[in-house]
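Engineer: The following block contains a protein sequence and its predicted model.
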There are 2 protein chains.
Amino acid sequence: MLFTLDAMGGDKAPAAPCGGAVLACREDPELSVALVGRKEAIAPYLENVERDVMSRINIVEADEVIGMGDTPSTSIRSKKNSSLRIALEMVRAAEAVGCISAGNTGAIVAGGVLVVGRIKGIDRPGLAVPIASLKKTTLLLDVGATVRCKAVNLYQFAHMGAIYMRSLAGIENPSVGLFSNGEEDIKGDDAISEAREMLGGAKLAFGGFVEGKDVAIGRTDVVVCDGFTGNALIKFGEGIGEMVKVVVAEEIKSGFLPKIGALLMKPALKKMAARFEYEKNGGSPLLGVNGIVIKAHGNSRDRAIAGALHVASGFARLKGTDLIKESFEA
Amino acid sequence: MLFTLDAMGGDKAPAAPCGGAVLACREDPELSVALVGRKEAIAPYLENVERDVMSRINIVEADEVIGMGDTPSTSIRSKKNSSLRIALEMVRAAEAVGCISAGNTGAIVAGGVLVVGRIKGIDRPGLAVPIASLKKTTLLLDVGATVRCKAVNLYQFAHMGAIYMRSLAGIENPSVGLFSNGEEDIKGDDAISEAREMLGGAKLAFGGFVEGKDVAIGRTDVVVCDGFTGNALIKFGEGIGEMVKVVVAEEIKSGFLPKIGALLMKPALKKMAARFEYEKNGGSPLLGVNGIVIKAHGNSRDRAIAGALHVASGFARLKGTDLIKESFEA
C-alpha cells in the first residue's frame, strides 16, 4: 500500500517527513512511502536505514516547494513541480492510495479539490480533527477547509464525519452534534438553523445543537461546524495546552512542597498537555475528496508524521473513501 | 452609589444575588444595592445581616421572572414586571448607576438595548469577558450579544474594548487584535477583512489578526470577534477547565506516588482550573449601552455576584460609559 508523503512540507521538513516515513514503515510491514521532494535534501536522512525498510521507501523528485506563506490556490496551480502538487497528482493517477503533508493547509485543501478532485455529490471538503475530549474522541470538522459554510456543507460534513468515525473508530452509530452558540432551538444563524432542519430528517444519530463545552466534554462522536469556528477552537485549545504547561511550571517555583508534588505529577501533567496537541494525534483527514489526503500539523516531528501515515493506511484498509462515495451516490 | 441587582436571575437565585449583595456592601462602604424581585423570596436571605450593611440594601418588588428558556426580546417586552426589566428601567430613569444580572443572557442584551438604550453612534452592543491568558488579562468581545457582525460592529467593539481596558485595567495604550482564522492578511471573511482595513486607519494600537492561540497566550489586551466565535471560545475554555479537573483526578487514581503529588499540587491545580471560569471572574460588561449593565455567569455563587458588583462600581467610578460616549461623539 503506497502513500505519497510531501517531504518538503512542514516546519521540520525534510527531517521529520523522512524520519516519520522510516518509523511508520518499520511499524507496518505492508506500508510503502514515496517521499516527494528534492532528492539531495532527502537522501541524507535515509542513510543507514535497514534494507527491509528502505525497500519500501523511494524518493520522487520534485524541485519546487510551496511555502507556508504562499497563496493556496495560486501556488497549487502554478507550482506544477512542487512536492505537494506531485504527491497529489500520484493519488489522482491512482499511483498511490493517498497523500500526507504537513505543509500549507490552504494549499493542501486547494490541491485536494483541484488535483485529486471532489467526490460526486460533495460541494466542499471538510478537514477533520480528532479531539481527545473528556469522555471519548470527538471528531471535529471543519477546522479550516471551508471558512464559511452553507447549510448543505454542514449537512455533508455530518455524514462524512459519521462515516469516518464508524469505519475508523468502529463506533456503530456515531452521534453527530451541530455546533452552535447554545443548545436552544433559537440559537445559531440562518445557515445553522437550516442545517439543523436538514439533519433532523437525515439517517443519522443527530444530537441537535452542541456548544463549546460539549466539544471539550465529548457529548457527541462528531461535531460539525464551519472552518472558521473549528479553526478557532483547535487553536485556542492548543494555546491553553501551552498555557497549562507554563502556569504549572510557574506555580512550582512558588514553594518547596508544590515542587515535590509537581515532580511526582509530571507524567500525568505531560500526558494532559499532550491532549491539546490535536493535530499531532494522527493528522487531519480532508474528507470529501476522491482519495485519501491527510494534513499533518505543521510542527510535526517524526512520531506525528508516522501517526498520520497510520491513520491514512487504516482509512485505506477500511475503504473509507469508497464508503463516502457510496453514501453520496445513494 | 446605587446598583440594581436582578435577584431572580441565575441558577442559584435568589440565594446567590442576596448573598453577593451583602458581601459586596460589606466590602465597599460606598456601595448600595437594590435587590429586584419577589420580596418574600428575598427577605429570608437578609435576616441577621448587620445594620450598617442593611442600611444600604433595599428590596424592589417585581413579581415576574424571565426564565433561562424564555425568548429574549419577547420576554423583555412582555414581562413588564419582571425583575430584570424593572432593574433595567431604574438604570434608564437614572435611579441607579447600573444593573447586574446572572439571568438569561439574551434578555439582558435585549433589555440593554430596548430599555437602557444604545449609546449614540453605536450600532450593536458587545458583551465583553476578561480572560486570564498566560501573559495578561485579555478582554474578549463580543461573546454573545451580536451573533454575526458587520465590519462596523467589530470596529466599534475594538474602540469600546480599548476604552474599557484603559479605564478599568489602567493600561495606557491597550493593544487590540482582530480575531481571525490565521495571522496572514488573506485570512478571514469579508466582514473581517473590511474591519481590518477600518482598524488599520483607526487611532488604536491595532495589532492585526490574532488567532485562537493568541487569545490563550494573551498577545493583545483586547480581542475582537463576533458573538458566535466569542461564545464558542469561552464555552470551550470552560469545558477544558472541567476536563482538566476530572483528568487530573483520574490520573491520581492510577498509583500511589501521583496521589501524593496531586495532594501537594492541589492548590496550584485548583487555581489553574479557576482560570477557565471566565465569566465568574467579575462578570461581563455589556458595552455600548447607555449605562452600566453587567452580566454575571448563570452559575454564579455569592462571591461571583459580589465580584460583578465591584466591577460595576469600578467602571462607574471611572465614568466608563461617559468615556465611550465622548469617544463616539467625537
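Structural biologist: It's in.

Engineer: and the stretch 1-150 of chain A, which residues reach chain B?
Structural biologist: A:Gly69, A:Thr71, A:Ser133, A:Leu134, A:Gly144, A:Val147, A:Arg148 (CB under 8 Å from any CB of the partner chain). Any C-beta I mention is one placed from the backbone N, CA and C, and that applies to glycine too.

Engineer: what's near enough to touch the closest residue to the third one other than its chain neighbours?
Structural biologist: Just to be clear, that refers to A:Ser133. Of all residues not flanking A:Ser133 in the chain, A:Gly218 sits nearest, at 3.1 Å (CB to CB, 6 or more residues apart in numbering or on different chains). By CB atoms under 8 Å, 6 or more residues apart in numbering or on different chains, the contact set of A:Gly218 is A:Ile131, A:Ser133, A:Leu134, A:Lys135, A:Lys136, A:Thr137, A:Thr138.

Engineer: make it 6 Å
Structural biologist: Contact analysis of A:Gly218 by CB atoms under 6 Å, 6 or more residues apart in numbering or on different chains lists A:Ser133, A:Leu134, A:Lys135, A:Lys136, A:Thr138.

Engineer: List phi and psi for the closest residue to the fourth one other than its chain neighbours.
Structural biologist: In this case it means A:Lys136. Spatial nearest neighbour of A:Lys136, excluding adjacent residues (CB to CB, 6+ apart): A:Gly218 at 4.5 Å. Per-residue torsions, A:Gly218: phi 90, psi 60 (degrees, to the nearest 10).

Engineer: same thing with the one 5 residues further on?
Structural biologist: Here is the backbone geometry of A:Val223 (degrees, to the nearest 10): phi -130, psi 130.

Engineer: A:Leu5 contacts A:Pro17, doesn't it?
Structural biologist: Yes: under the criterion of CB atoms under 6 Å, A:Leu5 makes contact with A:Pro17 at 5.3 Å.

Engineer: overlap in contacts of these two?
Structural biologist: Counting by CB under 6 Å, 6+ apart, no residue touches both A:Leu5 and A:Pro17.

Engineer: Just put the residues of the stretch 1-150 of chain A next to chain B in a markdown table and tack on secondary structure and neighbour count.
Structural biologist: Below are the residues of the stretch 1-150 of chain A next to chain B laid out as a markdown table (DSSP: H, G, I helix; E, B strand; the rest coil; neighbours: other CB atoms under 10 Å in any protein chain shown):
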| residue | secondary structure | neighbour count |
| --- | --- | --- |
| A:Gly69 | coil | 9 |
| A:Thr71 | coil | 16 |
| A:Ser133 | coil | 22 |
| A:Leu134 | coil | 19 |
| A:Gly144 | coil | 27 |
| A:Val147 | coil | 21 |
| A:Arg148 | coil | 14 |
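
Engineer: what about A:Phe209, which helix or strand?
Structural biologist: Per DSSP states H and E: A:Phe209 is located in strand A:205-210.

Engineer: And chain A, what are its domain boundaries?
Structural biologist: For chain A, automatic domain parsing gives the domain ranges A:1-122+A:288-330, A:123-282.

Engineer: among those domains, which is nearest B:Asn153?
Structural biologist: domain A:123-282 (14.1 Å; CB to CB).

Engineer: Please work out the average pLDDT along that closest one.
Structural biologist: What domain A:123-282 shows for mean pLDDT is 88.

Engineer: what about that domain, start to end distance?
Structural biologist: This stretch, domain A:123-282, spans 26 Å end to end (CA to CA, to the nearest Å).
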